[in-house]
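Asks: Attaching a predicted model along with its sequence, questions to come.
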Amino acid sequence: MKLCLDACVLYPTVLREILMGAASEGLFTPLWSARICEEWRRAAERLSPGDGLVAEGEIARLNFRWPEAQVPHDPALEARLWLPDPADIHVLATAIAGEAEGIVTLNLRDFPIRELAAYGLTPRHPDAFLHDLWLEFPETVMRVVAGVHAEAERLAGQTLDLRRLMKRARLPRLGKALSSTWS
């Protein structure tokens, strides 16, 4: 299953790392565009000056790991599309050009089901999407989250509550489900 990742799910780090961990395990094929990555870089820089350079390194790493993920599209395609927020049309164009099945985004309001359905696409919130993956592939998703959790603890230099970490990553439903089964 191919899914276009909106910039808002590529930044923050924990959410991105869980999504990309699931992709590494073959649970889905990620897609994005140079413009989506540039939005990620700008958001990182705006929220924390200097983090734009970190984002550039992460973007290069992801593009190296998934060279087929970066999807170009004809700008004329964007001219034929409509979304409530015109600034998101490039994400829809990327999904269409990449023959995706859906768009993973935190901004579901900006990607109405009716508009996306016309192109065979479904908007997916990352929490619902990852929870569904966990229901289908529990061991794999738990392994991915455990790795991201361990790395977050290593970087923080302290123990981090899984459920709180997941809530901050905007994955409260997945965090609740995992913390009830966490050993």
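Replies: Thanks, I have the structure now. Model, not experiment: these values are computed from the prediction.

Asks: domains of this structure?
Replies: 2-126, 130-181 (automatic domain parsing).

Asks: Quick one: those domains as a markdown table, columns for mean pLDDT and mean neighbour count too.
Replies: All C-beta atoms are positioned from the backbone trio N, CA, C, and that covers glycine. As requested, those are exported to a markdown table (pLDDT from 0 to 100; neighbours: other CB atoms under 10 Å):
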| stretch | mean pLDDT | mean neighbour count |
| --- | --- | --- |
| domain 2-126 | 96 | 18 |
| domain 130-181 | 95 | 16 |
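
Asks: Can you list the residue ranges for helices in the protein?
Replies: Secondary structure of the chain (DSSP state H): helices at 7-10, 13-24, 34-47, 51-65, 75-79, 89-97, 113-117, 126-136, 138-156, 162-168, 172-181.

Asks: Run through who's touching the third one.
Replies: Where contact means CB atoms under 8 Å, 6 or more residues apart in numbering, the residues beyond helix 34-47 that reach it are 4-8, 10-11, 51-52, 54-56, 59, 62-63, 70, 72, 90-91, 94.

Asks: what's the angle between that helix and helix 13-24?
Replies: 150 degrees (axes from the mean of the first three to the mean of the last three CA atoms, to 10 degrees).

Asks: quick one, helix 34-47 and helix 51-65 angle?
Replies: Relative orientation of helix 34-47 with respect to helix 51-65: 150 degrees, computed using the same axes, to 10 degrees.

Asks: Now Arg41: closest residue in space, sequence neighbours ignored.
Replies: Distances taken as CB to CB, 6 or more residues apart in numbering put Ala55 closest to Arg41, at 4.3 Å, once the chain neighbours are dropped.

Asks: Please list all residues in contact with Asp74.
Replies: Residues near Asp74 by CB under 8 Å, 6+ apart: Ala97.

Asks: how far away is it from Tyr119?
Replies: In this structure, Asp74 lies at 15 Å from Tyr119, with CB to CB, to the nearest Å as the measure.

Asks: Same question for Asn107.
Replies: 17 Å.

Asks: Next: Leu155.
Replies: Leu155 is 39 Å from Tyr119, by CB to CB.

Asks: same check, this time on Ala23
Replies: Per CB to CB, Ala23 is found 22 Å from Tyr119.

Asks: now swap in Ala156 and tell me
Replies: For Ala156 relative to Tyr119 (CB to CB), the value is 41 Å.

Asks: Looking at Ser183 now. What's its pLDDT?
Replies: Here, the pLDDT recorded for Ser183 equals 55.

Asks: I'm done for today, thanks for sticking with me.
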